[in-house]
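Asker: structure of the sequence below:
(one chain, ligands or ions: 2)
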Amino acid sequence: MRYISTRGQAPVLGFEDTMLTGLARDGGLYVPEEVPVLSHAEIAALAGLPYEEVALRIMRPFVADAFAEDDFAAMIDRAYAGFGHDARAPLVQLGPNHFLLELFHGPTLAFKDFAMQLIGQMFETSLKRRGDRVTIVGATSGDTGSAAIEAFRGLDAVDVFILYPHGRVSDVQRRQMTTPSEANVHALAIAGHFDDAQARVKDMFNDFGFRDRVGLAGVNSINFARVLAQVVYYFTAATALGAPHRPVSFTVPTGNFGDIFAGHLARRMGLPIEKLVVATNQNDILHRCLTTGEYRVGEVTPSISPSMDIQVSSNFERALHLAYDGDGAAVSQLMDELRRTGGFTVSQGALQSLRETYASGRVSEDETAAAIAGYRTRTGQLLCPHGAIGVRVAEDHLGATPMVTLATAHPAKFPDAVEAATGLRPALPPRMGDLFERDERITRVANDLAAIEAVIDETRAA
Ligand SMILES: Cc1ncc(COP(=O)(O)O)c(C=O)c1O
Ligand SMILES: N[C@@H](CCOP(=O)(O)O)C(=O)O
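Answerer: Ligands and ions are numbered 1, 2, ... in the order given. Next up is the predicted model:
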């Protein structure tokens, strides 16, 4: 399969190079040139299969030029073996026609583990085969960073540097990043918010001298492999609820737009998804854009759902690429305007296409807390603030079609917010019981490209 940049000016690549490259050299994001469509019978046959088997069938066509089928199957098995639930992504019923997809049974208790554990396997295989080594940089509002550090800790062929916004992640998230002692993983606390961290990561990719010297790679959802691995659980959830014989809807707590874009990819592959609902917190640029057509970056306001404190939503570029019918020049122009003026207006045609693809809703801080408390009382389910935003928005879209809300993180990652809402302090699973006793290793760094690159240059293995 061939992968092209959303901006149309970067080399066309196969899967392995796309995965190892991260951001395209024209600043765009790689997307598959064509998406394989599964037949009704192929989708029906997925119902009841183990998660790993569904993962193989869904992802295989995308990676076929990079990995032999048996090798890829073994990577998938290893990736999910450490999950704390046999179903990997179990469904729980919340009410009539409303289901929760629990995506927090991986090693760092957030949905990021689904992709990151597999990417760790794929990077290791590819780099060993090529005799190569890379420097992975990532920006995190808390969950991507911990999942990446967990997936790559101790691997010979990679150094990992994760930029997180100082003081703006939960204590559990920070400690998951700062307590691993392996010499190849590094948590850098940047003075700024998530958008600053993400902008500096993109700056590093656009600094070709640095990029080529350190062999830069990325594991944020700019990396298409991240999005691909997240497509799988849309299929397992939907087929468990009757797809393809009946449609299913999904509501997705959204920040960088990777997870919900994976849902749209599942839909393009033939999964009958009726509604795909974007749920945002008060950092609501996506909801505003889908409502008004104006994509305008505001201040990032800290919230009790810190992982979604994002205004510049990376993967929205992939959605725009589709909404503008693959017109790379149009996408480039919008991204240039974003950089120069802090926003852009989506054309009428593209806005109509986006609205046909996604619905949206926004949840305030009080509503988030009320949803955590209300669902605990009514259903016994303890939600993390991000999942609570999802279920609150989903309520406005319930109907005859089953609705699945993605529970993107475990409540124990955000104990203060959950306790404030319910009076209950969720405990970490026993395997992480000593997280607060481990030593932390933190490097503070300015929100400055040269300073960050200097830290990476000095620290990475030569
Ligand atoms: C717990 C949690 N929920 C939701 C999101 C939003 O997901 P996405 O960025 O893929 O839209 C994130 C971070 O990205 C997250 O960490
Ligand atoms: N919420 C994310 C932000 C980064 O998103 P990504 O999916 O692009 O890696 C986080 O927890 O870091």
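Asker: ligand 2 contacts on the stretch 151-300 of the chain?
Answerer: Applying Cβ under 6 Å from any ligand atom, we find that the stretch 151-300 of the chain lies next to ligand 2 at 220-221, 255-256, 258. For every residue, glycine as well, the C-beta is placed using N, CA and C.
Asker: which pair in these spans the largest distance?
Answerer: Asn220 and Gly255 (11.3 Å; Cβ to Cβ).
Asker: neighbour-wise, which of those two wins?
Answerer: Comparing Asn220 with Gly255 by neighbour count (other Cβ atoms under 10 Å), the higher total belongs to Gly255, at 30 against 26.
Asker: which phi and psi values does that one adopt?
Answerer: phi -140, psi -70 (degrees, to the nearest 10).
Asker: that one contacts Ser313, doesn't it?
Answerer: Yes: Gly255 lies in contact with Ser313 (Cβ atoms under 8 Å); the separation is 6.7 Å.
Asker: which outside residues touch stretch 195-213?
Answerer: 22-23, 25, 27, 137-140, 163-165, 190, 216, 218, 220, 222, 256, 297, 300, 310-312, 314, 447-449, 452-453 (Cβ atoms under 8 Å, 6 or more residues apart in numbering).
Asker: please repeat the previous calculation with a cut-off of 6 Å.
Answerer: Stretch 195-213 is contacted from outside by 23, 137, 139, 163, 165, 190, 300, 311-312, 447, 449, 452-453, using Cβ atoms under 6 Å, 6 or more residues apart in numbering.
Asker: which two of the residues you listed have the greatest separation?
Answerer: Once Cβ to Cβ is applied, the contacts of stretch 195-213 give Gln311 and Glu453 as the farthest pair, at 24.3 Å.
Asker: which residues of the stretch 251-400 of the chain fall in helices?
Answerer: Taking DSSP state H, counting those that start in this stretch to define them, one finds helices in the stretch 251-400 of the chain at 258-268, 285-292, 316-323, 328-341, 348-357, 365-379, 385-395.
Asker: just send these back as CSV, with mean neighbour count and distance to Ala409 too.
Answerer: Shown next, in CSV, are those (neighbours: other Cβ atoms under 10 Å; distance: least, Cβ to Cβ, whole Å):
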stretch, mean neighbour count, distance to Ala409
helix 258-268, 25, 12
helix 285-292, 20, 19
helix 316-323, 24, 21
helix 328-341, 16, 28
helix 348-357, 16, 25
helix 365-379, 17, 12
helix 385-395, 29, 6
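Asker: got JSON lines for those helices, with distance to Asp196 and mean pLDDT too?
Answerer: Shown next, in JSON lines, are the helices of the stretch 251-400 of the chain (distance: least, Cβ to Cβ, whole Å; pLDDT from 0 to 100):
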{"stretch": "helix 258-268", "distance to Asp196": "19", "mean pLDDT": "98"}
{"stretch": "helix 285-292", "distance to Asp196": "16", "mean pLDDT": "98"}
{"stretch": "helix 316-323", "distance to Asp196": "18", "mean pLDDT": "98"}
{"stretch": "helix 328-341", "distance to Asp196": "14", "mean pLDDT": "98"}
{"stretch": "helix 348-357", "distance to Asp196": "27", "mean pLDDT": "98"}
{"stretch": "helix 365-379", "distance to Asp196": "22", "mean pLDDT": "97"}
{"stretch": "helix 385-395", "distance to Asp196": "21", "mean pLDDT": "98"}
